[in-house]
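Engineer: return atomic coordinates for the entry below.
(2 chains)
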Amino acid sequence: MRRGFLILLAVLSVLTIVFLAGCKGGLSLGGTTLRFMYWGDTSEITIIKEMVTKFEKETGVKVSAERAPSGPPYMEKVLTQFAGGSAPDVLFVEVNNFKEFASKGVLEDLTPYIEKDPNLKTTDFYPEIIDRFTVGKSLYVLPRDIAPICCVYYNKNMFNESGVKYPTDNWNWNDLLRLAKKFVKKDSNGIPIQYGYVDDWPIWEAFVYSNGGAMVDNVKDPKKCVMDSKAVIEAVQFRSDMINKWGVVPSPSQMTAMGGMGTGDMFVSGRVAMFFSGLWKTPIFREQIKGFDWDVVMFPTNPKGIRAFPTGGSGYAIVKSAKNKAMAWKLVTYLAGVEGQKKLAATGLSQPAMKKIAESKLFLDGLKPLHKDMLLRAVKYVKFAPLMPEWEEINVSMIAPAFDKIWNGKEKAAPVLKRVVPEINANYFSEK
Amino acid sequence: MEKAIKRSKLKMSTQDAIWGYVFLSPWILGMIFFTGGPIIASLILSFCDWDLITPPKIIGFGNFIKMFSDSRFLNSMFNTFYYTVFSVPIGIIGSIMVALLMNQKWKTVRLLRTIYYLPSVTAGVASAIIWMWLLNPDFGLINYGLSLLGVTGPKWMADEVWAKPAIIIMSLWGVGGNMIIYLAGLQGIPRQLYEAADIDGAGMVDKFRYVTLPMLTPVIFFNLIMSVVASFQIFTQVYVLTGGQGGPADSTLVMVLYIYQQAFKFHNMGYASAIAWILFIIILIFTLLQFKIAGGWVHYEGELKK
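Structural biologist: Residues are numbered from 1 along each chain as shown, chains lettered A, B, ... in the order given. You can find the predicted model right below:
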């Protein structure tokens, strides 16, 4: 009995060691398998799976598509794979995380591929997003969609009930504030139960850009943070005043009082009249909003009429270490090519990066939000985040903690920015 | 049976030792393969600059030098010490008091023990979300309780002054886990000591002061070390309550959260490894220090340690 147990243990440990050794060698999946990493919600998964199946059928090449949740978890997974020497062949990239890869020399230059491809021209795409994914003269990502963050969703029923006219695209910040004030309601204890305006997360960049402000001197080659300018201070103070002076936007502590309810949920449940985000909220709103009619309007200009806002957008890249690059390119064109973009357009989730498809009936499908054709005109106003890997760190470690004090109403924008911008420049731009 | 003993050429104690290692082997193998490798790798990486994408570059002590001028790192260290200094004593006193109560001979005491222990087996994320509700400034139970006493509660997690105290109060949630250990300690105290104290005419307070507390010191010592180690590594609650930011205004940025940010948000794996090693050294120093001091106050079987 004892001996039997010992033998069993010995066999188990040998098996463990063999298994571990197998892991170390990397479970190689054969030469004809393409590995592809992406993130996405359910409607995107369906499209991607359809395109991948089609690709497999037509080429006979197997694709192993791995999905991770969007945002930091996706980056964690991708970077861990890079670190472990098992980077995927094809990568889903968006305009913001592109900065993590752009300067590292790990992405394949797609320019020669697109030049040889008879079905694709860079001029088919919005020049703004092609420019974002171009470093020097090399295009590193084939764009799939562009997502200007300029959609102010509004609750039509609330406007009707208050007898207020709907906003139009040519409104400005003062109109936004004037309208927002009409929808604030408080309970008998003076606790606000309804607000005028919220954003998906603190999208202060939209105010900064539309006031003619900027984060850095040169987005593509930043040498200096310039957020202590008058334009930025004014814009940040305006957003703070909407919270702390006028009370039309919930403060961070009032948000916690919503008990974990996100700002999007506030809009769905009719606790706020206007909600600022991108088009990607549309599928959720179509599904969840039952009791009222809604539409979108373009984010307002500043009082001087300047129009600009941040943007999302994404596409597909080939990793340099990919063995079969020709096949990888083929997969990229299946995903971001005409057919992939057409399928995406039909979901209402995002705006295709190909102009023609965005302008077609596929995207302008007559479904809610009816006014989404404004996005076609919005693309030329988009601004991108500084193209440097450290920008995320600057944002999280310097800007966000400083801005907390502004949104909480503890400090004004001017002293905070005058203090933090020299620190940013000393910490991150001094060697350049 | 006799044959079996004769046949084995090894001494009984050696045999026992072998069996000991056999039973330990799953853990030892796991440690070597899954933890040992990363530990060594992180030590090497702490002397490197590594963004996870391009190969690591050796930079000597650069990461360690950088820490001294990194205000966020120093702040995270301050926040971690702040949390430890308050949460550990409060936790120990709290769990001893609960253990004393749960050591009474009430009818419902078993049920109560279970209730007090339940939070310790609740998943960290779930309890953090419960606390998000309890600490809600307008509708939370805590501020409601305060309002009954005529006190207007603070904004807790939304206020940079009150966010750290909020996390400390939250840590009391875990007293049930230590309570079980104290309870076992209390029940291990020989009855005759109390009988002797009764004969000497000692009251409740004297019995606690001169019998219970000294006899409990080995358990307190064990819990003190474990609590200090755990509180230096606080992460989950802060991560969930602040969405990984450590806000507001960095007031709850603790060391492990900062390591996480550096490693997985800013992709400075080398710097993150260096901080992790500094954290390890800090914990090691505090643990050794406690063993050193322990001789003065920890009693084993009625005698001072060593």
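Engineer: quick one: classify A:Pro69 as helix, strand or coil.
Structural biologist: Using DSSP: H, G, I helix; E, B strand; the rest coil, the structure places A:Pro69 in coil.
Engineer: for chain B, see how far away it is.
Structural biologist: Per CB to the nearest CB, to the nearest Å, A:Pro69 is found 13 Å from chain B. From N, CA and C alone the C-beta is placed, and that goes for glycine too.
Engineer: I figured B:Ala272 hits B:Val256, correct?
Structural biologist: No - the criterion here is CB atoms under 8 Å, and B:Ala272 misses it with B:Val256 at 10.2 Å.
Engineer: pick out whichever of these two has more residues nearby.
Structural biologist: Ranked by neighbour count (other CB atoms under 10 Å in any protein chain shown), B:Ala272 and B:Val256 place B:Ala272 first, with 24 against 19.
Engineer: helix, strand or coil: sort out the more buried one for me.
Structural biologist: Secondary structure state of B:Ala272, per three-state DSSP, is helix.
Engineer: pLDDT weak spots in the stretch 201-350 of chain A?
Structural biologist: A:256-260 (pLDDT under 70).
Engineer: what are the ranges of the strands in it?
Structural biologist: Here the stretch 201-350 of chain A has its strands, by DSSP state E, counting those that start in this stretch, at A:272-277, A:294-298, A:309-318.
Engineer: next, the angle from the first one to strand A:309-318.
Structural biologist: Compare the direction of strand A:272-277 with that of strand A:309-318 by axes from the mean of the first three to the mean of the last three CA atoms, to 10 degrees and you get 40 degrees.
Engineer: which residue is nearest the middle of the chain?
Structural biologist: Since you didn't name a chain, this refers to chain A. A:Gly312 (4.2 Å; CA atoms, centre = their mean).
Engineer: oops, chain B please
Structural biologist: Closest to where the C-alpha atoms of chain B average out (CA atoms, centre = their mean) is B:Ala230, at 2.3 Å.
Engineer: before we move on, which element is it in?
Structural biologist: Using DSSP states H and E, B:Ala230 maps to helix B:213-232.
Engineer: what do you get for A:Asp169?
Structural biologist: In the assignment (DSSP H and E), A:Asp169 maps to no helix and no strand.
Engineer: neighbours of it, just the number please.
Structural biologist: If you count neighbours by other CB under 10 Å, A:Asp169 ends up with 17.
Engineer: so what's the closest residue to it other than its chain neighbours bridging to?
Structural biologist: In this structure, A:Asp169 finds its nearest non-sequential neighbour in A:Met298, 4.3 Å apart by CB to CB, 6 or more residues apart in numbering or on different chains. Assessed by DSSP bridges, A:Met298 has beta-bridge partners A:Cys151.
Engineer: let me know how buried A:Met298 is, in neighbour terms.
Structural biologist: Using other CB under 10 Å, A:Met298 has 22 other residues around it.
Engineer: phi first, then psi, for residue 53.
Structural biologist: Let's take chain A. Note on A:Thr53: backbone dihedrals following degrees, to the nearest 10 are phi -60, psi -40.
Engineer: wait, chain B
Structural biologist: Backbone torsions of B:Ile53, given as degrees, to the nearest 10, read phi -100, psi -50.
Engineer: surely it touches A:Ala102?
Structural biologist: No - look at B:Ile53 against A:Ala102 with CB under 8 Å: they stay out of range, at 10.9 Å.
Engineer: tell me the contacts of the closest residue to chain B within the stretch 201-350 of chain A?
Structural biologist: Residue nearest to chain B within the stretch 201-350 of chain A (CB to the nearest CB): A:Ser253, separated by 3.1 Å. Residues in contact with A:Ser253 (CB atoms under 8 Å, 6 or more residues apart in numbering or on different chains) are A:Asn408, B:Pro137, B:Lys155, B:Ala158, B:Asp159.
Engineer: brilliant, that's me finished.
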